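[1] I need the structure of the sequence given here:
(chains A and B)
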Amino acid sequence: MSTIRVPTTSSRWLTLKRRRQIAGVIFALPAIALVVCFIGVPVGQDVYYSFTQWDGQTATWIGLSTWSQAIHNPNLWTALRNNGLLLLSVPFALGLPLCIAVLLHQRVAGWRIFRTIYFLPTAISWVVLGLVAERFFAYQGTLNSIIHALGFSHFSTNMLGYQSEALVALGITFIFTMVGTNTMLFLTGLATLDPTLEEAARIDGAGPWRIFRSITLPHLSRFIQLAFVMTVIALFSALFSLIFVLTGGGPGYATTTVEYLIYETGFNQGDFGTAALYGLILFVITGIVGVVQLRLIGSNE
Amino acid sequence: MTKIATTLERSDSTSNSLGPVKKPKRVGRWILFAVMMVVAVIMLYPFWVMIVTSLKSEAQFLAGSGFSWLSWSRLTSVIPIGQEVLSSTIVCSASIFVIVLVGLPAGFAFSKLRFRMSTVIFLLIVSAMMVPLQAILMTEFVNITRLHLTGGYLGAILVYASLGTPFSVFLFTTYFRGVPDELVEAGIVDGLGYFGALWRLVVPIAVPAIATVTVLQFIQIWDDLLVGLFFIQNTSQRPITVGLAVLAAGRTTSIPELMAGSIISALPAMVVYLGFQRYLVKGLTMGIDR
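    Modelled structure (predicted):
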């Protein structure tokens, strides 16, 4: 940048620099304004309203009462537990795409068509995928048809109807919705892998598993980290449409996650203050995960 | 110069790896192929369900056999599908327009026209990417309502635009960092001025980045439920995802008709997806694979 501008005189250089800065501020201002007004300010308001009793119209300052009420509210702990249990699906949401990406990378006949097919569900709305998942898990759905076709005609499941199983159904649907994106990430990672490395290892007598462990996996580590962070963030903040269509948070609170509890508390119970507080909790959780991601991006630069 | 050399080298090795990596043995390849077919069947399952179910009447669906076009012919009377697609299109295109309009100059500023504190401000904007809408849902909802913007599309457009802007700023900034300073410098010195340089030089250079932002945001916004559900209060202006979700949650609409609606909702996103796959991949791996 500075090496180019050597010949100009110092006074001209100053005005040019000043004008450049002013132009920069003008160009950046709309973006800054938009983000401050519609993201920054609401976060600040979240903090304020979390200390109030608020119905969306009038807010009364009640200090830490909202907080102590929230902490003693079993629904919050149920929602946090549900989020925690859903974390168990993350290894599958990463492991399956990793296997699929490695398979695609072998480039058997028609691999491009397979790749397109595998990514296709990524394009559709989670509302639609939720509708389809409902058809799959429903009592008269595909899952029971498969079970009956396998000969277990006396055995039927109704996963969405039972508290203990509905969350499993949600987790399975979540894994399915993440497969496309994560496979895409891993495949991109594999494409940047130098094939001569694998070749050299093979000549040295390394088996496929050894090559995968010692060359492929370390090479993919950054992509796996990124996929991990994206998957966890999605798990905390993108399940709304899936839950809305699939279970409505139920039965009871069995599939209510923190993000769904915010909607439930605010819009169904009209308790905006507590909902704002839950929002703050969600903000902190995703913030922690987000810091990890920023560090990942930053370490590359 | 060295930078260009390494870039060339890297792209070279990438294109190499696109060739056959190895030739596994015959039997192994067939097993591989079979496994991939199984995965393909699973991934195509949603489409199969949508298509087959939509081709039944409600009675046929409950009976589990038979085919008819009834759901499709009744579709517009059950779901105001035309209006909903139009709403989705309006909200989507207006939001993307704002996201690019605001993000491109900002990205240019943060990469080429650095000012005091610009790095800090840039990092703050990028960190706003991590704020999920649910976290600020209540306050945002009350703010937009107080501004009387929930009646039409404007509230939803503003919310989508502000949620998409951090990513677009990040993407444009990263993109422009890869453009040599001299190119822009020359234009400014040549008397184009800053706005002229932006419009005549920077925008044409940025076409691939604009495409990436557009494709990613299109799929994101077209498929979204939350914003449309809360920030468009007028039921006759509902986007298609909201229409489907509300009918589905009501559990009174016949499922074949919902599936027909789902197909209509899925088609545009799939077309964009198939047509612009490489931009999607580029956007997803932004910041890690450069």
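[2] any idea which element the residue nearest to A:Arg202 when sequence neighbours are not counted lies in?
    Leaving aside its chain neighbours, A:Arg202 sits nearest to A:Ile211 (6.7 Å; criterion: CB to CB, 6 or more residues apart in numbering or on different chains). Bear in mind the C-beta positions are built from the backbone N, C-alpha and C, glycine included. Per DSSP states H and E, A:Ile211 falls inside helix A:208-211.
[3] briefly note if the next helix or strand after that helix comes near chain B.
    Downstream of helix A:208-211, the next assigned helix or strand under DSSP H and E is helix A:217-237. Yes. Against chain B, helix A:217-237 shows contacts by CB under 8 Å from any CB of the partner chain at A:222-223, A:226, A:233, A:236-237.
[4] do you know the pLDDT at residue 166?
    I'll assume chain A. At A:Ala166, the pLDDT value in this model is 90.
[5] other chain: chain B
    pLDDT at B:Pro166 comes out at 93.
[6] for A:Ser11, same thing?
    51.
[7] and A:Ala191, by the same measure?
    The per-residue pLDDT reported for A:Ala191 equals 84.
[8] any idea how far B:Arg251 is from it?
    Distance, A:Ala191 to B:Arg251, by CB to CB, to the nearest Å: 45 Å.
[9] ditto for B:Pro239
    For B:Pro239, the distance to B:Arg251 - CB to CB - is 21 Å.
[10] neighbour-wise, which of those two wins?
    Set B:Pro239 next to B:Arg251 and count neighbours by other CB atoms under 10 Å in any protein chain shown: B:Pro239 wins out with 31 against 9.
[11] surely that one meets B:Ser87?
    Yes. With contacts counted by CB atoms under 8 Å, B:Pro239 reaches B:Ser87, the gap being 4.8 Å.
[12] mutual contacts of the two, please.
    Common neighbours of B:Pro239 and B:Ser87 (criterion: CB atoms under 8 Å, 6 or more residues apart in numbering or on different chains): B:228, B:232.
[13] and the helix or strand of chain A with the lowest mean pLDDT, what's buried?
    For chain A, the helix or strand with the lowest mean confidence is strand A:59-61, at a mean of 79 (criterion: mean pLDDT, DSSP states H and E). Within strand A:59-61, the residues scored as buried using 16 or more other CB atoms under 10 Å in any protein chain shown are A:Ala59.
[14] beyond that strand, next helix or strand please.
    Next along the chain after strand A:59-61, taking DSSP H and E as the criterion, comes helix A:65-71.
[15] just checking, what packs against that next one?
    Applying 3 or more CB pairs under 8 Å, 6 or more residues apart in numbering or on different chains; DSSP states H and E, one finds that helix A:65-71 makes contact with strand A:52-54, helix A:272-298.
[16] which of these sits closest to A:Gln45?
    Closest to A:Gln45 of these, according to CB to CB: helix A:272-298, at 7.4 Å.
[17] which secondary structure elements does the closest one contact?
    Using 3+ CB pairs under 8 Å, 6+ apart, helix A:272-298 sits against helix A:41-49, strand A:52-54, helix A:65-71, helix A:74-86, helix A:217-237, helix A:258-263, helix B:118-127, helix B:137-146.
[18] hey, where'd the helices end up in the stretch 101-250 of chain B?
    For the stretch 101-250 of chain B, helices defined by DSSP state H, counting those that start in this stretch occupy the ranges B:118-127, B:137-146, B:154-177, B:181-187, B:193-197, B:203-205, B:207-223, B:226-231, B:240-250.
[19] ranking those helices by mean pLDDT, which is last?
    Lowest mean pLDDT within the helices of the stretch 101-250 of chain B: helix B:181-187, a mean of 76.
[20] about what we covered before: could I get the buried residue list for the helix holding A:Ile211?
    Going by neighbour count (16+ other CB under 10 Å), the buried part of helix A:208-211 is A:Ile211.
[21] what do you get for stretch B:143-162?
    Result for stretch B:143-162 [16+ other CB under 10 Å]: buried residues B:143-145, B:149-150, B:153-162.
[22] show me what contacts A:Phe174?
    Each residue near A:Phe174 by CB under 8 Å, 6+ apart is listed here: A:86, A:89, A:93, A:234-235, A:239, A:242.
[23] do stretch A:103-116 and chain B meet at all?
    Yes. Applying CB under 8 Å from any CB, one finds stretch A:103-116 in contact with chain B at A:103-109, A:111, A:114, A:116.
[24] please spell out the ChimeraX selection for the buried subset of those residues.
    ChimeraX command restricting those to the buried ones, with burial defined by 16+ other CB under 10 Å:
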select /A:103,104,105,106,107,108,111,114
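[25] follow-up on the earlier one: tabulate the residues of helix A:217-237 next to chain B in TSV, adding columns for pLDDT.
    Formatted as TSV, those follow (pLDDT from 0 to 100):
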residue	pLDDT
A:Arg222	83
A:Phe223	86
A:Leu226	84
A:Ile233	88
A:Phe236	91
A:Ser237	88
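[26] which other helices and strands contact the helix or strand harbouring B:Met43?
    Taking DSSP H and E as the criterion, B:Met43 maps to helix B:26-54. Using 3+ CB pairs under 8 Å, 6+ apart, the elements in contact with helix B:26-54 are helix A:90-105, helix A:111-123, helix A:126-137, helix A:163-191, helix B:255-275.
[27] tell me which of these sits most buried.
    Compared across the helices and strands packed on helix B:26-54, helix A:126-137 shows the largest average neighbour count, a mean of 26 (mean count of other CB atoms under 10 Å in any protein chain shown).
[28] output the contacting helices and strands for that helix.
    Packing partners of helix A:126-137 (3+ CB pairs under 8 Å, 6+ apart): helix A:142-149, helix A:163-191, helix A:240-246, helix B:26-54, helix B:240-250, helix B:255-275.
[29] now those in JSON lines, with distance to A:Tyr49?
    Below are those laid out as JSON lines (distance: least, CB to CB, whole Å):
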{"stretch": "helix A:142-149", "distance to A:Tyr49": "43"}
{"stretch": "helix A:163-191", "distance to A:Tyr49": "29"}
{"stretch": "helix A:240-246", "distance to A:Tyr49": "21"}
{"stretch": "helix B:26-54", "distance to A:Tyr49": "39"}
{"stretch": "helix B:240-250", "distance to A:Tyr49": "26"}
{"stretch": "helix B:255-275", "distance to A:Tyr49": "35"}
